[in-house]
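Visitor: Please work out how this folds:
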Amino acid sequence: MKSALRITVIAVGLGAALAGVPAFAQDKEPAMTGKTAMGPVLTDAKGMTLYVFDKDSAGKSACNGPCATNWPPLMAPASAKPMGKYSVVTRDDGSRQWAYDGKPLYAWAKDAKPGDTTGDGVNNVWHVAKP
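Guide: Numbers count the residues shown, from 1 in each chain. Presented below is the predicted three-dimensional model:
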């Protein structure tokens with residue numbers, strides 16, 4: 001019985017990873033806190049730093065198209081529900097994105113490894129997301 005359960009859990013996690021959606025249990029927060037040279041920051045499931053965008057309005061992402069290629073949104077599954085300071089915003093294409101304190105969360109394509117914060121200050125409108 002244990003091996004069947006393990007295979008199911010692995011398959012669910014792998015399916016979520018292939019779909020580009022973090023495999024978070026619904027009772028877990030969608031981002032974690034990581035340590036960087038800038039202090040604690042929010043990170044995705046891979047430990048990559050998350051960012052907020054000054055041009056977003058509360059509950060609305062302004063980063064679409066080529067912007068979202070450079071700043072991949074932290075996507076939320078269809079079943080995602082708000083929890084604590086986390087909420088879900090609907091993007092222009094209808095997909096769902098996690099937000100913290102109403103600010104949509106993004107990764108930065110040029111961060112190479114966990115702990116990198118190279119996106120902070122880009123164009124004076126991108127900033128690390130702090131818990």
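Visitor: Tyr86 and Met75, how far apart?
Guide: Noted for Tyr86: a distance of 13 Å to Met75, by C-beta to C-beta, to the nearest Å. Any C-beta I mention is one placed from the backbone N, CA and C, and that applies to glycine too.
Visitor: Need the overlap of contacts for those two.
Guide: Both Tyr86 and Met75 are in contact with Trp98, where contact means C-beta atoms under 8 Å, 6 or more residues apart in numbering.
Visitor: Could you tell me which residues make contact with the closest residue in space to Met38 that isn't next to it in sequence?
Guide: Excluding its sequence neighbours, the residue lying closest to Met38 (C-beta to C-beta, 6 or more residues apart in numbering) is Thr117, at 5.3 Å. When contacts are counted by C-beta under 8 Å, 6+ apart, Thr117 is found next to Thr36, Ala37, Met38, Val41, Thr49, Asp111, Val128.
Visitor: can you tell me which residues contact the second one?
Guide: Just to be clear, that refers to Ala37. Ala37 touches Gly115, Thr117, counting by C-beta under 8 Å, 6+ apart.
Visitor: Now do it against Val128, distance only.
Guide: 10 Å.
Visitor: if we can go back for a sec, pipe the contacts of Thr117 into JSON lines and attach pLDDT and secondary structure per row.
Guide: Converted to JSON lines, the contacts of Thr117 look like this (pLDDT from 0 to 100; DSSP: H, G, I helix; E, B strand; the rest coil):
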{"residue": "Thr36", "pLDDT": "88", "secondary structure": "strand"}
{"residue": "Ala37", "pLDDT": "88", "secondary structure": "coil"}
{"residue": "Met38", "pLDDT": "89", "secondary structure": "coil"}
{"residue": "Val41", "pLDDT": "97", "secondary structure": "strand"}
{"residue": "Thr49", "pLDDT": "97", "secondary structure": "strand"}
{"residue": "Asp111", "pLDDT": "98", "secondary structure": "coil"}
{"residue": "Val128", "pLDDT": "98", "secondary structure": "strand"}
